[in-house]
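Colleague: everything below, folded, please.
(2 chains)
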Amino acid sequence: MKTNSTATAAWKTFTASVLTIAASIFVGPALISGSAHAGDKSVELLNVSYDPTRELWRDLNAAFIQKYQKEQGTQILSIKQSHGGSSSQARAVIDGLDADVVTLALWPDTDAIRKAGLISEGWEKRFPNNSLPYVSTIVFVVRKGNPNGIKDWPDLIKPGIEIVTPNPKTSGNGKLSFLAAWGSVIQRGGSEQEASDFVTKLYQHTPVLDSGARGATTTFAQKKIGDVHLTWENEARLEIAEAGGELELIFPPVSILAEPPVAVVDANVKRKGTREVAEAYLNFLYTDAGQEIIAKHFYRPTNAEVLKRHADIFPAIKLFPISTVAKDWDEAQRRFFAEGKIFDSIYKP
Amino acid sequence: MIDVNRRVLPGFRLSLGYTVFYLSLLVLIPLAACFLKATSLTLDQFWATVWTPRARAAYGLTFGASMAAAVIDVVFGVVVAWVLVRYQFPFRRIFDALIDLPLALPTAVAGLVYSSLYVKSGWIGRFLVPLGIQASYSRLAIVLVLTFIGLPFVVRTLQPVLENLELEFEEAAACLGATRGQTFWRVILPALSPAIITGFALAFARALGEYGSVVFVSGNMPFKTEIAPVLIVARLEEFAYGEATAIAVVLLLMSFTMLILINLLERWSKSNVA
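Modeller: So this is what the prediction gives:
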């Protein structure tokens, strides 16, 4: 009898503790997010971006917050940044990361969030220039003095050259490098077959496929593997600044136009009531002040005047759009990088 | 009156309830979700995803390298545990503490450090590469890091057993005229074997799922140095959740089978000793 009653008591304690745990799991976040928009005077934005844009957004945020608070008077604004691999960031937003705006590396990543229903149709048209405040490209980084005389894409497959580039299957930088190489052939009037032969040779010259952009930078700059590193223009600038004269930047005559779009996450701003400030934030990128900061961080401003003002750091190389190699990004993904397609066919046992 | 049924933990039902709740929340539900997600594919799609030549090469490498690493861990783990338990020497406690380091270190750091040591300009690589030994961006590199992260499991399983192993048995064996080799093979090893098998299983299981360190040292070349977890990440990058979990399910099933086999082996070796 006695044991029975202790068991019942124990069971009650157990149920109570389970309820407490469950309550703290499910109710806790609601309380926290509830308190966030309790006070009207403070607003918080979350900008979900990709890896190498940390410093860019830190500067942009500071400038925007100052401007916004001056215009709005009493309102207190803070902007949080989240960085990581572009696709993983998109997945996090799809899975519930409370982003007000997304500023990812590649169109398919932003569009995946639209497919999940969090961003409305036609998002590319909601900000100027197809929602592109800046563009970028893929350039070459070589060792001091450019000992192998690498100037252009065909030089990459000269005998003995080793190329460092991340895996296109796991990295946005890798995808862009692949498409840049493919497009460099097509753009100059080469056939699909010639393009395919070129990239096949290119990847035969690649001793390592790192899983992401930063890994590839470490492999090339720190571990001194390879003769040439294919990377984002802004990453290349950082890498060279870091290397203290050991590396040089080479601009190939043609390369791909990388277009990292920005978007407001409609579902989230609607719920949080932050649409207005989120839109003001992204529009700020197109102002002269915003474009200047963008140029300072080596992303190519889309405002022609600002770009011209910085012609010394952005030599005019011919940038071809994704449409040179495929109808759009979806098709590029299906045709080049999907399981068993062109990239996979380069590696056969 | 003393209640003989009294246990330190309160009530069987409470403890069991908590155990089931905890296991469900942290293990069973996530694993079930994994299987559920994989069912979003038809059987044909599932098969087409998980049994490509490239995926098979990756499974082979993942299991092969994990197995090799676990074997190396056992050999060196026994020696390390033996030395730490049986001998007194300066800084013994520091060495002992060092054993756990691989568990505390983010494995990506281990991967980075290993690969920079073994590249041709690295401290060790500059001697090995001229001899034709590529110990970074190769299969050897994968085995090396997996050995590194698996070692604590073997050492820590063996240490308590060695501590309890009475010296008298060895003395008795010696008195009966056994050579040192005979003492080791017939007296010490049988007593250690259940712990060795457990340590092996732990190191092996740990290696199977390892991702962080391997992506940094392996070079991720398809058919050569690409491990199965890299394939999963590649599919996730394409937002192909179904396909990614399909590969995960295959890995899960394979490792579960392996662990069951090892468990049976462990039970068999225990009953043999007894």
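
Colleague: quick one: secondary structure of the residue nearest the centre of chain A?
Modeller: Nearest to the geometric centre of chain A sits residue A:105, at 2.5 Å (CA atoms, centre = their mean). Under DSSP: H, G, I helix; E, B strand; the rest coil, residue A:105 falls in the coil class.

Colleague: list the residues that contact it.
Modeller: A:50, A:86, A:172-173, A:258, A:260 (CB atoms under 8 Å, 6 or more residues apart in numbering or on different chains). Every C-beta, even on glycine, is put in place using the N, C-alpha and C of the backbone.

Colleague: swap in residue A:97?
Modeller: Residue A:97 neighbours (CB under 8 Å, 6+ apart): A:46, A:48, A:82, A:89.

Colleague: so which of those residues comes closest to chain B?
Modeller: residue A:89 (11.1 Å; CB to the nearest CB).

Colleague: check the closest one and give its pLDDT.
Modeller: Looking at residue A:89, its pLDDT stands at 93.

Colleague: state the distance from it to residue A:202.
Modeller: Computed with CB to CB, to the nearest Å, the distance linking residue A:89 and residue A:202 is 28 Å.

Colleague: neighbour count for the two, which is higher?
Modeller: Ranked by neighbour count (other CB atoms under 10 Å in any protein chain shown), residue A:89 and residue A:202 place residue A:89 first, with 24 against 21.

Colleague: so the residue positioned nearest the centre of chain B: helix, strand or coil?
Modeller: Geometric centre of chain B, nearest residue: residue B:203, 1.9 Å, by CA atoms, centre = their mean. Of the three states, residue B:203 takes helix according to three-state DSSP.

Colleague: wait, what's in contact with it?
Modeller: B:69-70, B:73-74, B:77, B:150-151, B:153-154.

Colleague: any idea how far it lies from residue A:134?
Modeller: Distance from residue B:203 to residue A:134, by CB to CB: 48 Å.

Colleague: what's the answer for residue A:112, then?
Modeller: Distance from residue A:112 to residue A:134, counting by CB to CB: 21 Å.

Colleague: repeat for residue B:216
Modeller: From residue B:216 over to residue A:134 (counting by CB to CB), the distance is 30 Å.

Colleague: do residue B:224 as well
Modeller: Applying CB to CB, the value for residue B:224 to residue A:134 is 38 Å.

Colleague: higher neighbour count, the two?
Modeller: Between residue B:224 and residue A:134, counted using other CB under 10 Å, residue A:134 has the larger neighbour count: 29 against 15.

Colleague: quick one, phi psi at the residue nearest to that one when sequence neighbours are not counted?
Modeller: Excluding the flanking residues, the one nearest residue A:134 by CB to CB, 6 or more residues apart in numbering or on different chains is residue A:299, at 3.9 Å. For residue A:299, the backbone dihedrals are phi -100, psi 140 (criterion: degrees, to the nearest 10).

Colleague: and the stretch 51-200 of chain A, which residues reach chain B?
Modeller: A:85, A:87-88, A:90-91, A:112, A:167, A:169-171 (CB under 8 Å from any CB of the partner chain).

Colleague: can I get those in CSV including neighbour count, distance to residue A:214 and secondary structure?
Modeller: Converted to CSV, these look like this (neighbours: other CB atoms under 10 Å in any protein chain shown; distance: CB to CB, whole Å; DSSP: H, G, I helix; E, B strand; the rest coil):
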residue, neighbour count, distance to residue A:214, secondary structure
A:85, 25, 9, coil
A:87, 25, 15, helix
A:88, 17, 13, helix
A:90, 28, 18, helix
A:91, 20, 19, helix
A:112, 20, 22, helix
A:167, 29, 13, coil
A:169, 25, 17, coil
A:170, 27, 12, coil
A:171, 28, 10, coil
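
Colleague: and the contacts of residue B:203, which is closest to chain A?
Modeller: residue B:69 (20.4 Å).

Colleague: the closest one is in contact with residue B:206, isn't it?
Modeller: No: the criterion here is CB atoms under 8 Å, and residue B:69 misses it with residue B:206 at 9.1 Å.

Colleague: more crowded one of those two?
Modeller: residue B:69 (26 against 21).

Colleague: chain A contacts on the stretch 1-150 of chain B?
Modeller: With CB under 8 Å from any CB as the criterion, the stretch 1-150 of chain B meets chain A at residues B:5, B:10-11, B:13-14, B:17-18, B:21, B:49, B:52-54, B:57, B:112, B:115-116, B:119-122, B:136-137.

Colleague: which of those are buried? Put it as a PyMOL command.
Modeller: To isolate the buried members of the residues of the stretch 1-150 of chain B next to chain A in PyMOL, using 16 or more other CB atoms under 10 Å in any protein chain shown:
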select buried, chain B and resi 10+11+14+17+18+49+52+54+57+112+115+116+119+122+136+137
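
Colleague: go ahead and confirm residue A:341 touches residue A:332.
Modeller: No: counting by CB under 8 Å, residue A:341 does not reach residue A:332; the two are 10.3 Å apart.

Colleague: anything in contact with each of residue B:69 and residue B:206?
Modeller: residue B:150.

Colleague: distance from the chain centre to stretch A:251-258, please.
Modeller: In terms of CA atoms, centre = their mean, to the nearest Å, the centre of stretch A:251-258 is found 18 Å from the chain centre.

Colleague: quick one: contacts for residue B:153?
Modeller: B:73, B:77, B:199, B:202-203, B:206.

Colleague: what's across from residue A:102 in the sheet?
Modeller: Beta-bridge pairing of residue A:102 under DSSP bridges involves residue A:48, residue A:263.

Colleague: partner strands of the longest strand anywhere in chain A and their direction?
Modeller: Ranked by number of residues, the top strand in chain A under DSSP state E is strand A:134-143. Strand A:134-143 pairs in its sheet with strand A:228-232 (antiparallel), strand A:247-250 (antiparallel), strand A:254-258 (antiparallel), strand A:300-301 (antiparallel), by DSSP bridges.

Colleague: ends of stretch A:218-228, what's the gap?
Modeller: One end of stretch A:218-228 sits 13 Å from the other (CA to CA, to the nearest Å).

Colleague: what's the local residue count around residue A:50?
Modeller: Using other CB under 10 Å: residue A:50 sits among 26 other residues.

Colleague: quick one, phi psi at it?
Modeller: According to degrees, to the nearest 10, residue A:50 has phi -110, psi -180.

Colleague: wait, it sits on residue A:85?
Modeller: Yes: with contact defined as CB under 8 Å, residue A:50 reaches residue A:85; the gap is 6.9 Å.

Colleague: shared neighbours of those two, anything?
Modeller: The contact lists of residue A:50 and residue A:85 share residue A:172, where a contact means CB under 8 Å, 6+ apart.

Colleague: mind checking how far the residue nearest to the centre of chain A is from chain B?
Modeller: 12 Å (CB to the nearest CB, to the nearest Å).

Colleague: okay, that residue: pLDDT?
Modeller: 93.

Colleague: about what we covered before: dump the contacts of residue B:203 into JSON lines; add pLDDT and secondary structure as well.
Modeller: Formatted as JSON lines, the contacts of residue B:203 follow (pLDDT from 0 to 100; DSSP: H, G, I helix; E, B strand; the rest coil):
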{"residue": "B:69", "pLDDT": "97", "secondary structure": "helix"}
{"residue": "B:70", "pLDDT": "96", "secondary structure": "helix"}
{"residue": "B:73", "pLDDT": "97", "secondary structure": "helix"}
{"residue": "B:74", "pLDDT": "96", "secondary structure": "helix"}
{"residue": "B:77", "pLDDT": "96", "secondary structure": "helix"}
{"residue": "B:150", "pLDDT": "94", "secondary structure": "helix"}
{"residue": "B:151", "pLDDT": "95", "secondary structure": "helix"}
{"residue": "B:153", "pLDDT": "95", "secondary structure": "helix"}
{"residue": "B:154", "pLDDT": "96", "secondary structure": "helix"}
